[in-house]
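> coords please:
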Amino acid sequence: MIARVLVLLALFCTAPALAQQNVRVPVEQGGRTVQLAAQLFRPAGAGAAPAVAIFHGCGGPGQNTARMASLLMSWGYVALVVDSFSARGLKDVCGKNWPTQADAEARAHDIDAALAWLGKQSFVDPRRLVFMGYSYGGGVAMLRALSPRLDDRSPAPARAAILLYPDCGLADALGARLAVRQPTLFAMGALDDWTPVSQCQAVIDRVVQGKDLVEARIYDGAHHSFDALGLPVRYLPGVGNRSKPGGCCGAHYGANEAAWKAFVVDVKAFLAKVFAT
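Modelled structure (predicted):
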């Protein structure tokens, strides 16, 4: 009896560690290798599962990215929340020194590195990889979704991209005619004045190849960071804002639970459709 109890206790104690782990993702930068911190969420069960790499916004990883990763894990997906900042000595880049176009394009390599890392794991199906970005990270993910680097020739090609209130101003440098190479979901708040719908719609309007792969969801009454549950909408006067003249300053952000719930439904349906083919 005692032995049985000890076995049960051992299983209970080790289960969370198996479900959620701290890992490192190597990325090449300026001739050296940077080891990015990341949190890995693994669903129960054997076999290789589809995986989603998640990229945070200007404030770094937070409760919203962890919440999404936990949801994905509960749906049977591996989720990897990548911290692009701590290994580079960054904490928050939301202020007036908003990330430049060059910063965003450099960070896009983190997506390549994360997908490559996931594709090598025995518990991941390398043919079923998705990347997902929030705000600034969503803008970086948008650059990668519209870039020819992630195509069928890549060792770990992405099946889809999810862009949550993405910084669509970053697409201005990509030219007037854009191509989408994988199913891509834009999810935006109708009242977002930090990464406004109008900017993202302008990006979608410039897609001349693969436009049928693009889906857009706009949530009524929602501001930026509508998934920051428990956080009342407030105005941040000092944040960088690429949608304003000179890139500065000020924007609203805060939760909208109805928008969050609708987004969860939309993501689940989008992934199910992507992996059904």
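> unless I'm mixing things up, Leu143 is touching Gly169, no?
No: distance between Leu143 and Gly169: 11.2 Å, which falls outside the contact criterion (CB atoms under 8 Å). Backbone N, C-alpha and C define where each C-beta goes, glycine included.
> Mind listing residues that contact the helix or strand that contains Leu118?
Using DSSP states H and E, Leu118 sits in helix 101-119. Outside helix 101-119, the residues within contact range by CB atoms under 8 Å, 6 or more residues apart in numbering are 25-29, 36, 38, 51, 53, 55, 78, 80, 82, 84, 93, 99, 124, 126, 129, 131, 136-137, 139-141, 143-144, 147, 149-150, 154-158, 167, 170, 173.
> Please repeat the previous calculation with a cut-off of 7 Å.
25-27, 36, 51, 53, 55, 80, 82, 84, 124, 126, 129, 131, 139-141, 143-144, 149, 155-156, 158, 170, 173 (CB atoms under 7 Å, 6 or more residues apart in numbering).
> Which secondary structure elements does the helix or strand that comes right after that helix sit against?
Per DSSP H and E, the first helix or strand lying C-terminal to helix 101-119 is strand 124-134. Packing partners of strand 124-134 (3 or more CB pairs under 7 Å, 6 or more residues apart in numbering; DSSP states H and E): strand 49-55, helix 101-119, helix 136-145, strand 160-164.
> Given the last one, what are its sheet partners and their directions?
To tie it back to what came earlier, the one meant is strand 160-164. In the sheet, strand 160-164 lines up against strand 124-134 (parallel), strand 184-189 (parallel) (DSSP bridges).
> I'd like these written out as a markdown table, with mean neighbour count added.
Output for the strands paired with strand 160-164, formatted as a markdown table (neighbours: other CB atoms under 10 Å):
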| stretch | mean neighbour count |
| --- | --- |
| strand 124-134 | 24 |
| strand 184-189 | 26 |
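> related to what we said a few turns ago, what about the helices and strands packed on strand 124-134, which gets the closest to Leu178?
Nearest of the helices and strands packed on strand 124-134 to Leu178, taken as CB to CB: helix 136-145 at 9.6 Å.
> got the contact list for that closest one?
Taking CB under 7 Å, 6+ apart as the rule, helix 136-145 contacts 55-58, 99, 104-105, 107-108, 111, 131-133, 150, 161, 163-168, 170-171, 180, 182, 184.
> Ok, stretch 229-242 next?
By CB under 7 Å, 6+ apart, the list of residues contacting stretch 229-242 reads 94-98, 167, 169, 194, 223, 247-255, 257, 260.
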